[in-house]
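Asker: next one to model:
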Amino acid sequence: MLEHGAVSCVNTTELPWRPSSFAAGVYVKDIAVTDGWEMQIVRFEPGARFPLHTHERPEFVFILEGELVQAGRRLGPGWASVASAGSVDQDVHSDVGCVFVLVDRA
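Answerer: Below you'll find the model as predicted:
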């Protein structure tokens, strides 16, 4: 948790991967939490899939490596997606594996 008024720089290569509690084959690096927002790096192993879920709050995704399929679209490096509160992810998966930055409400 980052205190109000503070700045933090993180070398993410030094952070450990932890298994996601949301889906098998998904791993997370927790970068920071501040003012109710969190930033993570997420890695999908090939074939990993998120279950059907509704976003309670906005969610921002930026693809760094590989390919993520979201809402029927194949997103590769440099692609970003923004989901508003109330949106539904019905089939989020990666056939080949991917790594992305995730920013959402903690």
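
Asker: next up, phi/psi of Thr12, please.
Answerer: When read as degrees, to the nearest 10, the backbone of Thr12 gives phi -70, psi -20.

Asker: same check on Gly25?
Answerer: phi 80, psi 10.

Asker: can you count the residues close to the closest residue to it other than its chain neighbours?
Answerer: Leaving out its chain neighbours, the residue that sits closest to Gly25 by C-beta to C-beta, 6 or more residues apart in numbering is Ala48, at 3.4 Å. Yep, even glycine has a C-beta here, placed from its N, CA and C like the rest. Applying other C-beta atoms under 10 Å, we find 21 residues neighbouring Ala48.

Asker: alpha carbons only: can I get stretch 2-14 in PDB?
Answerer: Backbone C-alpha positions of stretch 2-14 (Å, rounded to 0.1, in the frame of the first residue of the first chain) are rendered in PDB as follows:
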ATOM      1  CA  LEU A   2       1.400   3.300  -1.100                       C
ATOM      2  CA  GLU A   3       0.800   6.200   1.300                       C
ATOM      3  CA  HIS A   4      -0.900   9.400   0.100                       C
ATOM      4  CA  GLY A   5       1.600  11.800  -1.500                       C
ATOM      5  CA  ALA A   6       4.300   9.100  -2.000                       C
ATOM      6  CA  VAL A   7       5.900   7.900  -5.200                       C
ATOM      7  CA  SER A   8       7.200   4.400  -5.700                       C
ATOM      8  CA  CYS A   9       9.300   2.900  -8.500                       C
ATOM      9  CA  VAL A  10       9.300  -0.800  -8.800                       C
ATOM     10  CA  ASN A  11      11.600  -3.100 -10.700                       C
ATOM     11  CA  THR A  12       9.000  -5.700 -11.700                       C
ATOM     12  CA  THR A  13      11.700  -8.300 -12.700                       C
ATOM     13  CA  GLU A  14      12.400  -8.700  -8.900                       C
END
